[in-house]
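# Here's my sequence, what's the structure:
(one chain, ligands or ions: 3)
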Amino acid sequence: MCIDVDRCRRGYVLAVVVLAAAWVVAPTALSRDVLYELIGLVAVAGVVLGTVVRAPRSRVAWLLTAAGVLLLVGGDAMYSWYQDVLGVNPFPSPADAVYLSAYPVLAGALMVLVRSRGAGRDLVGILDAAVVTLSLGLVAWIVVGAPIVAEQGVTPSSLLSMAYPAADVMLLGVTARLTFGRGHRPLAYRLLVASIVLLTVADGAYTLLGSTAAASSRWLDATWLTSYVLAGAAALHPTMVDLSEPAIQERRITGRRLAGLTLAILVAPTAELLELLNGTGRNLWAVLIFSTALMAVVLSRLQLALHQAQRAVRQREQLHDRLVHQSAHDSLTKATSRAHFLDAIENRLRALDAAENPVGLLYLDLDHFKQVNDTFGHAVGDQVLQRVVDRIRHVVRADDLVGRVGGDEFVVLVHDANSEGLLVDIATRLLKAIERRMQVGEHSLWLSASIGVARSQPGMDEPDELIRNADAAAYQAKSEGRARVQVFGEQLREELRERADAEDAIRRGMAAGEFLLYYQPLVELSTGTVVGYEALARWQRPGHGLVQPCDFIPVAERSSLICDIGRWALTTAAAQAAAWDHDSRPHTQMSVNISGRHLASSVIVDDVLDACGAAGIAPERLVLEVTETVPLDAPVMRAQLIALRRLGVEIHIDDFGTGYTSIGQMRNLPASALKIDRSLIALDDPGARELVALAVHAAHAAGLKVVGEGVETQAELSALQDVGCDLVQGFHLARPAPAEQIVPPSPASDLVTQ
Ligand code: C2E
Ligand code: CA
Ligand code: CA
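Ligands and ions are numbered 1, 2, ... in the order given. This next block holds a predicted model:
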């Protein structure tokens, strides 16, 4: 149905205003009655129209409201008929039956609203509404009921008189229930509540004034009319739909609600007091009964509040526990998280008896776990990790803490590690447990682990140190062939200390500008032209002379120090390339060696961009050399390589022949050249030469150029030339040298044609 809602609202207001104005100035009682009825009917129409147009979730509530108002208006009509047309006293008459039937209908409307707004039972709301109802009931009894009974005794007429205040109290009780219940309180809600309150106020005033005095009061009529009109206004207001929307959140007990309830509770004792002061014992019984009922309700209310408070505390505690557990445990294996594990070690180290009962730490690193993931997928890998933790738990004591500190690295904190022998014994049993066949779905797996063992020393209070020691031992176990246990001893301690010192020296050397780059040309075999240079790091270390990369690169590679070196090399080499450009040399390429760790980190792309940006050279001028042993096909690595390729940076696979890259794998590598390692080139046997020929062939088939590295002799050069190698590099052509010693290459160099 297409009805303009705003026009309805405007029409409603206009009709009400016009009719009300006419009602005010109407000359006769009859015309006033007719206008009064018309306004009432307009209000009923307003409620019905609002319900139809707004289409709230609960139409029943609003249609019941319309029915309630219609019954009231109908009662009014009958009342006026008896009084103004027939000229008889309308009380008691069938009009009362019509009037009184309006109240349960209106109460029903409000209850339907309460229902549609609340989710589940709301005992607190019910009890609070009961407090209000009882208190109002008591007031109604004292003010209206008791005087009527005292005057007329218990007759049908007196009972009918009392039925009105009783109906009002019931209606107000249900309104209180709506107010204390859940849900929004938009304007439509306020209008509806105001309508009900005005109705009961007018009813109360009518009863207090007495029918004859009230009949002539136009103010009372105006109040009733306002009540009807407000019901129509509520139904036409856009927020009326919110009234029947379910509300999840419970109403909080506000100060205002508490004050209202206190006031309601105080009604009984105040009434009692007034009775006593007046000396009339008339209502004493009533007050006593109401007070007892009120007390019962208030007590249940208190008990409920207490129960709710306890439940809230319990819920908060559970939530807290869950959060703590979550942060303290690895979600996959349920092993303790690294941070929590460190805390546990720290607590143990700081314990009073730590000196007598040293703490033991086992560092377990699974061997070749990457292969499990690569071969069977991550889902199987995850299950394997869970099983490994189960197996570890099975071997260690219940109070030993099992943690996960890396993808496939686990730690066990052993309490009371009185002897190293005990720890080695546990580690050996762990090793055996891990090595048992593992069945995951249809896959049978055989795993092994490298385990490092460390024990706390008196005075040790840094948990990191203990983990570092055990980790170093595990590392040692791995490098000595895996599947073994290694104890952290004096020798390892010495090595660690040396390593830390060496790292420190490198760091300080970098800061002091002691590092420099040597450059070695790459020559195109077919033309003899220098097409690029490889930048090779050197360290001019005071007191040590010129330190070669084999003495500091491996040290730096064990930490992020290698990334610092890589960044520095990129910046320096790019700047050198730009400097040579200004020398009006041919624009050659610049190769920089980048370690796998640096390549896997997300900073590499920025580092390359920064270096090129600072030097003012295009990224196409840069070549990153990555050794073959770096897992280039790992997802992180691939993503970085592709990003770099997009920039225009070239990737060369270094040291080919020293790792495991199969010739078939080449096709998928995001690289543009292959550098064949000197170890393959130097071999002077037909087998090696055939292998080189095969590699060159496969590389070409995969669209890669080939660089022959470490060419020391003319024979080696000729052999490479024979197999179709593209570029060469080596002492035979030029040794690596500082930038200032590099002579500008002449385009038709005779280097290769000697
Ligand atoms: P690489 O990348 O394979 O570099 C080639 C190495 O072979 C260089 O050793 C070079 O001096 C040497 N070389 C060149 N021609 C010949 C030859 O005809 N015969 C022989 N026997 N050797 C030759 P260098 O400069 O000592 O570098 C060693 C390794 O250190 C490099 O091997 C590279 O892996 C690494 N490296 C050097 N500089 C850096 C750097 O800035 N960053 C990183 N991550 N690694 C670097
Ligand atoms: Ca290289
Ligand atoms: Ca190399």
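# Show me what stretch 66-84 is in contact with.
With Cβ atoms under 8 Å, 6 or more residues apart in numbering as the test, stretch 66-84 has contacts from 29-30, 33, 36-37, 40-41, 43-44, 47-48, 51, 88-90, 93-96, 98-99, 101-103, 105-106, 109, 199, 215, 224, 228, 231-232, 235. Any C-beta I mention is one placed from the backbone N, CA and C, and that applies to glycine too.
# Among those residues, name the ones in strands.
Of the contacts of stretch 66-84, none are assigned to strands by DSSP state E.
# Name the next helix or strand downstream of the top helix by length along the chain, please.
The single longest helix within the chain, with elements called by DSSP state H, is helix 284-328. Heading C-terminal from helix 284-328, the first helix or strand you meet, by DSSP states H and E, is helix 338-350.
# Can you report how many residues neighbour D33?
Neighbour count of D33, defined by other Cβ atoms under 10 Å: 21.
# what does the stretch 551-700 of the chain put close to ligand 1?
Counting by Cβ under 6 Å from any ligand atom, the residues of the stretch 551-700 of the chain close to ligand 1 are 553, 565-566, 569, 593, 595, 625, 654-655, 678.
# change it to 5 Å
Within the stretch 551-700 of the chain, the positions lying close to ligand 1 (Cβ under 5 Å from any ligand atom) are 553, 569, 593, 595.
# I'd like the distance between the last one and A569.
What it means is S595. Going from S595 to A569 by Cβ to Cβ, to the nearest Å gives 10 Å.
# between these two, which one's more packed in?
Set side by side, S595 and A569 show more neighbours around A569, with 22 against 19, by other Cβ under 10 Å.
# hey, what's the residue lying closest to that one once chain neighbours are set aside bridged with?
The shortest distance from A569 to any non-neighbouring residue, by Cβ to Cβ, 6 or more residues apart in numbering, is to V592 (5.1 Å). For V592, the beta-bridge partners under DSSP bridges are A535, L624.
# Can you flag the buried ones in the contacts of stretch 66-84?
Neighbour-count burial (16 or more other Cβ atoms under 10 Å) is assigned, among the contacts of stretch 66-84, to 33, 36-37, 40-41, 43-44, 47-48, 51, 90, 93, 95-96, 98-99, 101-103, 105-106, 109, 199, 215, 224, 228, 231-232, 235.
# Which of those fall within helices?
Among the buried ones among the contacts of stretch 66-84, the ones falling in helices (DSSP H) are 33, 36-37, 40-41, 43-44, 47-48, 51, 95-96, 98-99, 101-103, 105-106, 109, 199, 215, 224, 228, 231-232, 235.
# how many other residues sit next to S479?
Neighbour tally, S479, other Cβ under 10 Å: 10.
# cool, and V384?
V384: 21 neighbours (other Cβ under 10 Å).
# correct me, but it touches L445?
Yes: proximity of V384 to L445 meets the contact threshold set by Cβ atoms under 8 Å, at 6.6 Å.
# any common contacting residues for these two?
Common neighbours of V384 and L445, using Cβ under 8 Å, 6+ apart, are 372, 438.
# Check the residues of the stretch 551-700 of the chain next to ligand 1 against ligand 3 and report the nearest one.
Nearest to ligand 3, judged by Cβ to the ion, of those is N593 at 8.1 Å.
# residues contacting that closest one?
534-537, 566, 569, 625, 654.
# How about V389?
By Cβ under 8 Å, 6+ apart, the contact set of V389 is 333-335, 402, 404, 410.
# quick one: which two of the residues you listed are the most distant?
Within the contacts of V389, K334 and F410 form the most distant pair, 12.1 Å apart (Cβ to Cβ).
# Pick out whichever of the two has more residues nearby.
Legend: neighbour count by other Cβ under 10 Å for K334 and F410, higher for F410 (27 against 14).
# hang on, the more buried one in a helix?
No: counting by DSSP: H, G, I helix; E, B strand; the rest coil, F410 is located in no helix; its state is strand.
# With adjacent residues omitted, what lies nearest to it?
L364 (4.5 Å).
# Now for this protein, the helix or strand with the poorest mean pLDDT.
The weakest-scoring helix or strand in the chain, judged by mean pLDDT, DSSP states H and E, is helix 211-215 (a mean of 65).
# And the residue of the stretch 451-600 of the chain that's closest to ligand 2?
N593 (4.6 Å).
# which outside residues touch stretch 271-279?
Contacting residues not belonging to stretch 271-279 are listed as 138-139, 142, 281-284, 287-288, 291 [Cβ under 8 Å, 6+ apart].
# if you set the cut-off to 7 Å instead, what comes out?
138, 142, 281, 283-284, 287 (Cβ atoms under 7 Å, 6 or more residues apart in numbering).
# near ligand 2 too, which of these?
For ligand 2, no contacts are drawn from the contacts of stretch 271-279 by Cβ under 5 Å from the ion.
# Quick check: the two most widely separated of those?
Taking Cβ to Cβ as the measure, the contacts of stretch 271-279 span a maximum distance of 15.6 Å, between L138 and G281.
# of the two, who's got more company?
With neighbours defined as other Cβ under 10 Å, L138 and G281 compare such that L138 has more, 26 against 10.
# Could you verify that the more buried one is part of a helix?
Yes: L138 sits within a helix when classified using three-state DSSP.
# pretty sure it contacts V267?
Yes: under the criterion of Cβ atoms under 7 Å, L138 makes contact with V267 at 5.9 Å.
# secondary structure class for L674?
Going by three-state DSSP: L674 is strand.
# before we move on, the earlier item: what pairs with the helix or strand containing the residue nearest to F410, parallel or antiparallel?
Using DSSP H and E, the element containing L364 is strand 360-366. The strands beside strand 360-366 in its sheet (DSSP bridges) come out as strand 409-414 (antiparallel), strand 449-455 (antiparallel).
# Quick one: name the residues of the chain near ligand 1.
For the chain, the residues in contact with ligand 1 (Cβ under 5 Å from any ligand atom) are 536-537, 548-549, 553, 569, 593, 595, 710, 712, 730-731, 736.
# So how do I select the buried members of the residues you listed in PyMOL?
Applying 16+ other Cβ under 10 Å to the residues of the chain next to ligand 1, the buried members can be selected in PyMOL as follows:
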select buried, resi 536+537+553+569+593+595+710+730+736
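# and the residues of the chain next to ligand 1 as CSV, adding secondary structure?
Output for those, formatted as CSV (three-state DSSP):
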residue, secondary structure
L536, strand
A537, strand
Q548, coil
P549, helix
I553, helix
A569, helix
N593, strand
S595, coil
G710, coil
E712, coil
G730, coil
F731, coil
P736, coil
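# Strands of the stretch 651-754 of the chain, start to end?
Along the stretch 651-754 of the chain, counting by DSSP state E, counting those that start in this stretch, strands occupy 673-676, 705-708, 727-728, 737-738.
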